[in-house]
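Novice: Predicted model, plus sequence, below.
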Amino acid sequence: MSEDALVGEVAGYLAAVYEAGPDRFPGSPGNARAVAAVTRAMRAAGLSVDLLPFETVGWRPGPASIGFGSTSVELCAGPFSPPLPPTTARLRAASSAEELADLDATGAVLFVHGALAARQLTPRGYPFYSDPAHGAVLESIERAAPVAVLAATGTDRAAAAALSPFPLIEDGSFRLPSAYLAEKHAPLLLALAEAGEEARFRIDSERFDACGHQPVGRLAAATRGGSPGSPRRVLLCAHLDTKHGTPGALDNAAGVATVLAAGTLLARRPPEGLEVEVVPFNGEDHWAAPGEVVYLAARPPGDDLALVVNVDAAGLAGGPCAVSTYNLPERVEETVAALVDSSTHVTTGEAWYASDHAIFAMQGIPAVAITSAGFARILEEYAHTPDDTIDLVDVSVLAHAARFIDRMVRALA
């Protein structure tokens, strides 16, 4: 395939995922459209496709506010928050786990600020990592029995990327209404709490039972002499979903477009002895990672899994892609390094673990991650925000990344 044709193909895949909607979190209409788009693309490329169903929590956001006297402040409804009908209540404040531990907020709105709101709380339902301290905070909040939770937050790059303010609670297992606002409002609300004055609250959101699907594309291994043998498996992945409120161009329609293009290149001449899976993971940015969970149950990693290639936040205009490696055998490491040296728009990057390759690399499985060399800039300015738009993406860089993946997989074969 010519470079112009490959660039055009990547651009088509990118547009199909991006235009599915600005909200592609599992259980949303945009997510369903994105799943349908990648399923069509993989089948058109000649891959067989399975759709693994899962259940999840659906959510529709709506306006939220706090009012006192003649003043009204707009709030952000917490992801997966149930609604709070118009309610008049006092604020009870807590800025530390110690303050929260013995707090009785019955009939009040719990206002979380300061050190207690400095980091996003790890969801209790997240399958790959748990923070006991965060779990204890959630339990203390529930034990305090407020009518709702309001948090004043700033920036947490590690968990919430560029989003500011960020939702303190993003957990479908948490059933109390929740909202958040910028930490600049904390002194005003703290004074309100200390004065014991009542405020008016409202959260117009909705949560409901929903379902989604994890698409899995497969390309059977080419064989010599008609003998199928026991092929090894290569997994090409990039997460399909987004946080609420972001169009998710770099994070991660670009990654999905790259692995779809790489899968298309490989399908034109299947590599011998390697089964290739193309998996747009449906849940990397979700509190329960439902797509990853259902995939791992259906296709548990074993000795047959030779390599995982994950693409996330690749293609930022103005720079190359960055390749990092994990657990590679020496010969494969040398091969990948040689391919990086001979490839344009691809360079060596530092290891990072905030994406789907981590769930394999932490089990000792060989993995390669591809992102933008400007990954830090993406975290600081664009990821998880409405500013993550398609004009930030250089499609030609993604085409080079797809070609790099194709060559790497063939070298492994």
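Specialist: Sure, I can see it.
Novice: From Ala401, how far out is Tyr18?
Specialist: 17 Å (C-beta to C-beta, to the nearest Å). The way it works is simple: take the backbone N, C-alpha and C, and place the C-beta from them, glycine included.
Novice: More neighbours: which of these two?
Specialist: Ala401 (31 against 24; other C-beta atoms under 10 Å).
Novice: following whichever strand or helix holds Leu260, which helix or strand comes up?
Specialist: Using DSSP states H and E, Leu260 falls within helix 254-268. Sequence-wise, the next helix or strand downstream of helix 254-268 (DSSP H and E) is strand 274-279.
Novice: can you give me the angle that next one makes with helix 254-268?
Specialist: 150 degrees (axes from the mean of the first three to the mean of the last three C-alpha atoms, to 10 degrees).
Novice: Let the chain start at 45 from now.
Specialist: From this message on, residue numbering opens at 45, which makes the last subject strand 318-323.
Novice: Partner strands of strand 318-323, with direction?
Specialist: Using DSSP bridges, the strands paired with strand 318-323 are strand 250-263 (antiparallel), strand 276-281 (parallel).
Novice: List the buried residues in the first one.
Specialist: Think strand 250-263. 251, 254, 256-263 (16 or more other C-beta atoms under 10 Å).
Novice: what do you get for stretch 400-409?
Specialist: Buried, per 16+ other C-beta under 10 Å, within stretch 400-409: 400-405, 409.
Novice: could you give the mean pLDDT of that stretch?
Specialist: What stretch 400-409 shows for mean pLDDT is 96.
Novice: before we move on, what about stretch 422-437?
Specialist: For stretch 422-437, the per-residue pLDDT averages 97.
Novice: Go ahead and name everything in contact with that stretch.
Specialist: 58-59, 62, 66, 201, 204-207, 287, 289-295, 297-298, 329, 357, 359-361, 416 (C-beta atoms under 8 Å, 6 or more residues apart in numbering).
Novice: just to revisit the earlier point, got the strands paired with strand 318-323 as CSV, with distance to Cys365 and mean pLDDT columns?
Specialist: Converted to CSV, the strands paired with strand 318-323 look like this (distance: least, C-beta to C-beta, whole Å; pLDDT from 0 to 100):
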stretch, distance to Cys365, mean pLDDT
strand 250-263, 22, 97
strand 276-281, 15, 96
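Novice: Can you lay out those as CSV showing distance to Ala137?
Specialist: Below are the strands paired with strand 318-323 laid out as CSV (distance: least, C-beta to C-beta, whole Å):
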stretch, distance to Ala137
strand 250-263, 26
strand 276-281, 43
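Novice: And the longest helix seen in the chain, how far out from the chain middle?
Specialist: Criterion DSSP state H: the longest helix present in the chain is helix 439-456. With C-alpha atoms, centre = their mean, to the nearest Å as the basis, helix 439-456 stands 23 Å off its chain's centre.
Novice: who's in contact with the spatially most central residue of the chain?
Specialist: Nearest to the geometric centre of the chain sits Asp329, at 2.2 Å (C-alpha atoms, centre = their mean). Going by C-beta under 8 Å, 6+ apart, Asp329 touches 69, 283, 285-287, 295, 428.
Novice: Swap in 10 Å and give it another go.
Specialist: By C-beta atoms under 10 Å, 6 or more residues apart in numbering, the residues touching Asp329 are 68-70, 205, 214, 283-288, 290, 292, 295-296, 356, 399, 427-428.
Novice: quick check: domain ranges of this structure?
Specialist: According to automatic domain parsing, the chain comprises the domains 47-103+253-456, 106-248.
Novice: Just the buried subset of the contacts of stretch 422-437, please.
Specialist: Judged by 16+ other C-beta under 10 Å, buried ones among the contacts of stretch 422-437: 58, 62, 66, 204-207, 287, 289-295, 297-298, 329, 357, 359-360, 416.
Novice: now Asn452, nearest residue through space, not along the chain?
Specialist: If you look again at residue 452, you'll see it is Met, not Asn. Leu383 (5.6 Å; C-beta to C-beta, 6 or more residues apart in numbering).
Novice: pLDDT wise, what is the one you found at?
Specialist: 96.
Novice: Show me what whichever strand or helix holds it is packed up against.
Specialist: Using DSSP H and E, Leu383 falls within helix 374-386. Helix 374-386 sits against strand 349-355, strand 365-370, strand 390-392, strand 411-416, helix 439-456, with contacts defined as 3 or more C-beta pairs under 10 Å, 6 or more residues apart in numbering; DSSP states H and E.
Novice: ranking the ones you listed by burial, who's on top?
Specialist: strand 411-416 (a mean of 27; mean count of other C-beta atoms under 10 Å).
Novice: Just the CA atoms of that strand, as CSV, please.
Specialist: Presented in CSV, the C-alpha positions along strand 411-416 are these (Å, rounded to 0.1, in the frame of the first residue of the first chain):
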residue,chain,number,x,y,z
ALA,A,411,4.8,-5.5,25.4
VAL,A,412,5.4,-2.4,23.3
ALA,A,413,3.7,0.9,24.0
ILE,A,414,3.4,3.7,21.4
THR,A,415,2.5,7.2,22.3
SER,A,416,3.5,10.8,21.3
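Novice: Kind regards, and thank you for your time.
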